[in-house]
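Undergrad: here is the input, now give the coordinates:
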Amino acid sequence: MEEGQDWYSGSSSGEEEEEQVVAKKQQQEWGRKRKEDSEEEWEEVGAKQRKKKQWKEEEKSSIVRDSKGNPISKEKQKFLKEYAQLSSHSFSTGSFYDHIQDLDDLSSSSSSKSKKNEKNKVSDKTPSRKFINSKGEFIGEQLEFKDLSKPTKPSKSKKNSSSSSKSTSSSSTKGIKNIASSINVDDLKSYLRGCQESDGDQIPFKLLTDYLENLFLNATGSYSARTNLNNPELPFSLLSNETQREIQDSVQDIPEQLLVPFLWSLVQRLIPHLKKTSTSSKGIGLQILIQAISRTKPICVVKNHQNLKDTFTKSQILTKSATPLLLWIFSQITDRSLALSEWFQFLLPVLFDPSQSEYHSNIIAFVSNIIQTRSSVIMDESSATMAYERLMLYKASGKEIPKELNELLPRLMDKNFLFSKSNPPKKFFTMLLGHSATEKEALRDEVLPALVKCLESDNTFFTIWEEAYPKYIAQSSNLLLYITLNWEKLHEKIPAEQILSLGQKFGQTNKTLKRGKSKLSTESEKEIEMCNATCKLLKAKLKEFGEKKGKSFICTTIIPLAILVAGVVTYLAKCQSGECIQFAS
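TA: Down below sits the predicted model:
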């Protein structure tokens, strides 16, 4: 028994030794791998540290490189950093005014770091003005800093920086008009050149915005769209002619794809200043640039339509706070066709809103100035169609039309005034056809005669009507019924052959629609049956009218002529037989 135990214990100890050897080899292998991994990790850490050290050395030596490895100067770093947040800020979500507040917070936080330094600069010798009321009591004190903040700009010229500081410091005592007229054109040109040398097209123009804003920062008085409805040329007209040309030339050089979003950013920055009730000169530079862009490249205003609609309209009507702003912007547009298009698009609907009656006279005066000349204001077909439709709906709405606007309606609703004469306006006819089955009697009385006038003026409209029929079955049936009931008055204006041929084509189209694979709705089937009945009624009316006209022709022309001919023949026969009465000579 003991021998068996010895044998068993001996074999088990051998296995344990083998397992220990294997485990030891595995530990050695794992240790080797960990060592290799740690060496790689340390190499990465070392590389990062060396890179970080290299960056610190570059920072110490004031060398910063762009994505291509080119060095960037300190001045360029400064203004790029300041405007990076603004250019990359997204306005796609949240409240617009919240975004504006966010931008204000960003700009204020960037300057908060230097507040302590500014306080340290103010010594006991800093001059100040004490404010004392009528009773001789001290109510406040304002420090006057000799060295005011200067606008950020990349120009290396000391002359430019000194001129901008002079202009800024003078704004604290001068009015807006004096500052605008005293802008040095040479300083402005050199500033613009410095901007162009520093970077591309978009950022220098943002710098120009700040440059103009700082000039008027502490000026007395204010100009805003809300207070200058009767003088929309302000504040741009306050500038000298040379300054106006210089700013407009700089606008002209900027690509349109950059100018469109930049104009919208100016409008966004201007709104908070307009909402404030207290008078302030803030926003004068923004207004000047908005005027320059709208006058030089008005297409930039048109391409911001969707932004204007999304931000400033409610139920397709401008909000009360936005009306004076857009009226002021549109007044800058010198192209009459574009200006009239904007009036129809945004300003005409305001006349529907009685709560904005204070602006109605300005809106009517705006369009009166556009159409005061005799020449036509040709718009594109879509804009002209929209314009006519809005006036037609306004006229048929039953609302009281102001006397001044009522006098302009014949001119505004003249197709020759709005549309090009080269091609018949297809969209215009289709728009009218879409309203021809309305339940509003006043609107039908406007639409149906207008459609008949189209058919009278050009036979091409019959082809346009035929193409539009499948989408406007009920409307076409209503127009056919109107023509049928008024055929006695229209038979000389509309060719009977063409209207009968069109009715037959409508019948064939109805058969095709019924045989189609897609099942028609109950309403569509009723419309088709109604149109078939109207076509039969039209055919019967034209036949009856033709027969009545034939009978009328026999009674009024053939019978009297036959009686006359019979009398002449009888007379001649009697003359031949000698029975004629001989008149004495």
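
Undergrad: what about the closest residue to residue 459 other than its chain neighbours, how many neighbours?
TA: Closest residue to residue 459 apart from its sequence neighbours, by CB to CB, 6 or more residues apart in numbering: residue 498 at 6.8 Å. No exception for glycine: its C-beta is placed from N, CA and C like everyone else's. Counted with other CB atoms under 10 Å, the neighbours of residue 498 add up to 12.

Undergrad: can you tell me the helix or strand for residue 498?
TA: Counting by DSSP states H and E, the element that carries residue 498 is helix 496-515.

Undergrad: next SSE downstream of that helix?
TA: helix 522-553.

Undergrad: quick one on the thing from earlier: distance check, the residue nearest to residue 459 against residue 543.
TA: Applying CB to CB, to the nearest Å, the value for residue 498 to residue 543 is 16 Å.

Undergrad: on that earlier part again, neighbouring contacts of the helix holding residue 498?
TA: 459, 462, 465-466, 469-470, 473, 476, 480, 483, 520, 524-525, 528, 531-532, 535, 538-539, 542, 546 (CB atoms under 8 Å, 6 or more residues apart in numbering).

Undergrad: what comes up buried for it?
TA: 499, 502, 503, 506, 507, 509, 510, 513 (16 or more other CB atoms under 10 Å).

Undergrad: same for the helix or strand encompassing residue 385, what does it pack against?
TA: Assigning secondary structure by DSSP H and E places residue 385 in helix 381-396. The contact analysis (3 or more CB pairs under 8 Å, 6 or more residues apart in numbering; DSSP states H and E) places helix 381-396 against helix 336-342, helix 403-412, helix 415-418, helix 426-434, helix 441-457.

Undergrad: of those helices, which shows the lowest average pLDDT?
TA: Mean pLDDT is lowest for helix 415-418 out of these, coming in at a mean of 85.

Undergrad: just the C-alphas of that helix, formatted as PDB.
TA: Extracted as PDB, the C-alpha positions of helix 415-418 are listed here (Å, rounded to 0.1, in the frame of the first residue of the first chain):
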ATOM      1  CA  LYS A 415     -50.100  93.300 -68.300                       C
ATOM      2  CA  ASN A 416     -48.100  95.400 -70.800                       C
ATOM      3  CA  PHE A 417     -46.600  97.200 -67.800                       C
ATOM      4  CA  LEU A 418     -45.600  94.100 -65.900                       C
END
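
Undergrad: helices or strands next to that helix in the packing?
TA: Going by 3+ CB pairs under 8 Å, 6+ apart, helix 415-418 lies up against helix 381-396.

Undergrad: in the helix it packs on, which residues are buried?
TA: 381, 383-396.

Undergrad: which residues in the protein form strands?
TA: 64-65, 71-72, 128-132, 138-143, 313-314, 317-318 (DSSP state E).

Undergrad: so where's the stretch 401-550 of the chain shaky on pLDDT?
TA: Applying pLDDT under 70 to the stretch 401-550 of the chain picks out residues 517, 549-550.

Undergrad: what about residue 326, distance to residue 249?
TA: Counting by CB to CB - residue 326 and residue 249 are separated by 26 Å.

Undergrad: follow-up on the earlier one: and of the helices and strands packed on helix 381-396, who's closest to residue 288?
TA: helix 336-342 (19.9 Å; CB to CB).

Undergrad: ok, and what's touching that closest one?
TA: Contacts for helix 336-342 (CB under 8 Å, 6+ apart): 298-299, 301-302, 326, 330-331, 333, 367, 370-371, 377-380, 383, 387.

Undergrad: which of those residues fall within helices?
TA: Per DSSP state H, helices hold the following members of the contacts of helix 336-342: 299, 301, 302, 326, 330, 367, 370, 383, 387.

Undergrad: need the residues you listed in JSON lines (columns: pLDDT and distance to residue 208).
TA: As requested, the ones in helices among the contacts of helix 336-342 are exported to JSON lines (pLDDT from 0 to 100; distance: CB to CB, whole Å):
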{"residue": "299", "pLDDT": "94", "distance to residue 208": "21"}
{"residue": "301", "pLDDT": "96", "distance to residue 208": "19"}
{"residue": "302", "pLDDT": "93", "distance to residue 208": "23"}
{"residue": "326", "pLDDT": "95", "distance to residue 208": "24"}
{"residue": "330", "pLDDT": "96", "distance to residue 208": "24"}
{"residue": "367", "pLDDT": "94", "distance to residue 208": "33"}
{"residue": "370", "pLDDT": "90", "distance to residue 208": "31"}
{"residue": "383", "pLDDT": "89", "distance to residue 208": "33"}
{"residue": "387", "pLDDT": "92", "distance to residue 208": "36"}
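
Undergrad: re the thing from before, mark which of the contacts of helix 336-342 are buried, thanks.
TA: Those of those that meet the buried threshold are 298, 301-302, 326, 330-331, 333, 367, 370-371, 377-379, 383, 387, by 16+ other CB under 10 Å.

Undergrad: just flag the most distant two among those residues.
TA: 326 and 378, at 23.3 Å, using CB to CB across those.

Undergrad: contact partners of the helix holding residue 385?
TA: The contact list for helix 381-396, computed with CB under 8 Å, 6+ apart, reads 340-341, 344-345, 348-349, 351-352, 378-379, 401, 409, 412-413, 415, 418-420, 425-428, 431, 435, 440, 442-443, 445-447, 450.

Undergrad: out of these, which end up buried?
TA: Counted by 16+ other CB under 10 Å, the contacts of helix 381-396 give 340-341, 344-345, 348-349, 351, 378-379, 401, 412-413, 415, 418-419, 425-428, 431, 435, 443, 446-447, 450 as buried.

Undergrad: what stretches of this structure score poorly on pLDDT?
TA: 1-16, 33-39, 57-173, 195-204, 225-226, 274-281, 374, 517, 549-585.
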